[in-house]
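J.: Following is a predicted model, sequence given first.
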Amino acid sequence: MNKTLSAHPRCIHRTSEFLGILLCAAAYILQHSYPIAFFSYRSDQSSCIHVCKAIGYLLLVFSAAILKSNQIEMATYGQPHEPGKPTTALITTGPFHYSRNPTYTAIILFLQPGLALVFGSSWLVILLPISYGLFWYVMVKPEEEYLQEKFRVGGEWREYCEHTRRWL
């Protein structure tokens, strides 16, 4: 096993949690330091606030359902859910049938926009492209390189990639 693969699990484990906290903290600080009224709620928009918050809560519930489904699917195959632990099986069923990265998809496409709507944070929306880029560069790319190397024998990874999108 080369150095990149052996180092991969430990560095990714701490990074995934750190990225989520960093992005939310950045949005919070920016929203309070440089408020932008695009999604910020004002008292004269009460009906809009209720609709936006309801949509936000639906996105949060959908995100939680995807994340829980990921955990169940990984437990079914005896695989750790934490990105920092090595895998022994390539999971291609459940949410992994639709996305190679359902956890990050749930976070970027549903959790972060849901939080933006619930809390009225324009900065969470503005930071979406940065979230995508950070998760791609720090999480997805190294994980896919790791999985490609780990499951190259027999072409499992290549076949999976041909039939399953990275995000949705």
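T.: Structure's in. What do you need?
J.: ok, for the residue nearest the centre of the chain, nearest residue in space, not its chain neighbours?
T.: With distances taken as Cα atoms, centre = their mean, the residue of the chain nearest its centroid is Tyr104 (1.9 Å). Nearest residue to Tyr104, sequence neighbours excluded (Cβ to Cβ, 6 or more residues apart in numbering): Phe135, at 4.9 Å. Where C-beta positions appear, they are placed from N, C-alpha and C, glycine not excepted.
J.: what do you get for Gly114?
T.: The shortest distance from Gly114 to any non-neighbouring residue, by Cβ to Cβ, 6+ apart, is to Leu59 (3.2 Å).
J.: Which of the helices or strands spans the residue nearest to the centre of the chain?
T.: Here Tyr104 is covered by helix 102-105, with elements defined by DSSP states H and E.
J.: Report all helices and strands that the helix or strand following that helix contacts.
T.: Heading C-terminal from helix 102-105, the first helix or strand you meet, by DSSP H and E, is helix 112-119. In terms of contacts (3 or more Cβ pairs under 8 Å, 6 or more residues apart in numbering; DSSP states H and E), helix 112-119 is packed against helix 3-33, helix 46-76, helix 122-126, helix 128-134.
J.: tell me what the last one is packed against?
T.: Using 3+ Cβ pairs under 8 Å, 6+ apart as the contact test, the elements touching helix 128-134 are helix 3-33, helix 112-119.
J.: lowest-pLDDT helix or strand in the protein?
T.: The weakest-scoring helix or strand in the chain, judged by mean pLDDT, DSSP states H and E, is helix 3-33 (a mean of 69).
J.: pLDDT below threshold where in the protein?
T.: Where the chain drops to pLDDT under 70, the residues are 1-17, 37-45, 83-84.
J.: Make sure Phe62 is actually in contact with Phe110.
T.: Yes. Contact criterion Cβ atoms under 8 Å: Phe62 and Phe110 qualify, at 5.2 Å.
J.: who's more crowded, those two?
T.: Per other Cβ atoms under 10 Å, whichever of Phe62 and Phe110 has more neighbours is Phe110, with 20 against 15.
J.: From His50, how far off is the nearest residue to the more buried one once chain neighbours are set aside?
T.: Spatially, and ignoring its direct neighbours in sequence, Phe110 is nearest to Ser63 (3.7 Å; Cβ to Cβ, 6+ apart). To His50, Ser63 is 20 Å away according to Cβ to Cβ, to the nearest Å.
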